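**Q** here are the coordinates; sequence isn't available:
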């Protein structure tokens, strides 16, 4: 039987050759999943000469075929949460943790019991992170994709966080809240139509509904979502919207043209790339 250290070393080599950027980390995390333990415990077991788990090689083979790591483990870390993910839902990315942080800051600044709406919630990541870190907030979330909505419902249940989750269209959601919301946050589909993502994990496994923005510039759906946000927010309420790193000027300019917003500011993520626009309801 192959020892764990040799298996992880070989897995790292195979994943790197397949183009996986985080080859060594993924190799360890796959071993942790196969062993039902943590990455830290895997590294300890490698030093102690433990054997490789039986299922490890097949997991590495799938990851080398660019099946997302999170689909293989069924988990995705997001800020303080561990979420369930898999086929049919967009896997939350680290850059969206930054976007969630902006929404959390806005919610904390809004008062003791803020009302927050997450449009296009996907796995529920942002909505659940807001409720986790601002427990007094009333958090609402909507998702159009049937599979993604099911994942979000599972995550709400597994985390025990009380949010109002509905299956529906973000551009018409929650009419009963019009003019009363403090913060609207959204990570809408924003990839320009016709632009195919480079990463196989995104191109081949994330649902198209969560990717493409409905126009050549990718902003048709984001602007439709922003229009709904304008209806939901009270005057002085805050919109936080994620966008592609190529849309850091185009989205703020488009929002300014609607005259629904003031104090429009774009924010760079932790890699210094344009990532989110924050605007105040005029």
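**A** Happy to help now that I have it. As the structure is a computational prediction, the values presented were derived from the model and not from experiment.
**Q** Correct me if wrong: residue 229 contacts residue 182.
**A** No - using CB atoms under 8 Å, residue 229 is not in contact with residue 182, being 11.6 Å away. Backbone N, C-alpha and C define where each C-beta goes, glycine included.
**Q** mind listing the strands for the stretch 1-150 of the chain?
**A** For the stretch 1-150 of the chain, strands defined by DSSP state E, counting those that start in this stretch occupy the ranges 75-78, 81-84, 115-119, 138-143.
**Q** Among these, show me which one is buried the most.
**A** strand 115-119 (a mean of 28; mean count of other CB atoms under 10 Å).
**Q** Who are the contact partners of the spatially most central residue of the chain?
**A** For the chain, residue 92 is the residue whose C-alpha lies nearest the centre (CA atoms, centre = their mean; 2.6 Å). Going by CB atoms under 8 Å, 6 or more residues apart in numbering, residue 92 touches 76, 78, 83, 85, 122, 123, 125.
**Q** quick one: average confidence on the longest helix along the chain?
**A** Criterion DSSP state H: the longest helix present in the chain is helix 94-109. In this model, helix 94-109 has an average pLDDT of 97.
**Q** any idea how far it is from the chain center?
**A** Its chain's average C-alpha position is 12 Å from that of helix 94-109, according to CA atoms, centre = their mean, to the nearest Å.
**Q** same check, this time on stretch 49-66
**A** Relative to the chain's own centre, stretch 49-66 is displaced by 26 Å; criterion: CA atoms, centre = their mean.
**Q** End to end on that stretch, go ahead and measure it.
**A** Start and end residues of stretch 49-66 are separated by 29 Å (CA to CA, to the nearest Å).
**Q** Now do the buried residues in that stretch.
**A** 50, 52, 53, 56, 57, 59, 60, 63, 64, 66 (16 or more other CB atoms under 10 Å).
**Q** And the contacts of it?
**A** Where contact means CB under 8 Å, 6+ apart, the residues beyond stretch 49-66 that reach it are 1-8, 11, 14-15, 17-20, 26-27, 30-31, 33-35, 69, 72, 199-201, 204.
**Q** Return the residues in contact with residue 217.
**A** Neighbours of residue 217 in contact, by CB under 8 Å, 6+ apart: 192, 247, 250.
**Q** do the same with residue 274
**A** Counting by CB under 8 Å, 6+ apart, residue 274 makes contact with 243, 245, 246, 247, 248, 249, 266, 267, 268.
**Q** Could you single out the nearest of these to residue 130?
**A** Using CB to CB, residue 267 comes nearest to residue 130 of the contacts of residue 274, at 16.9 Å.
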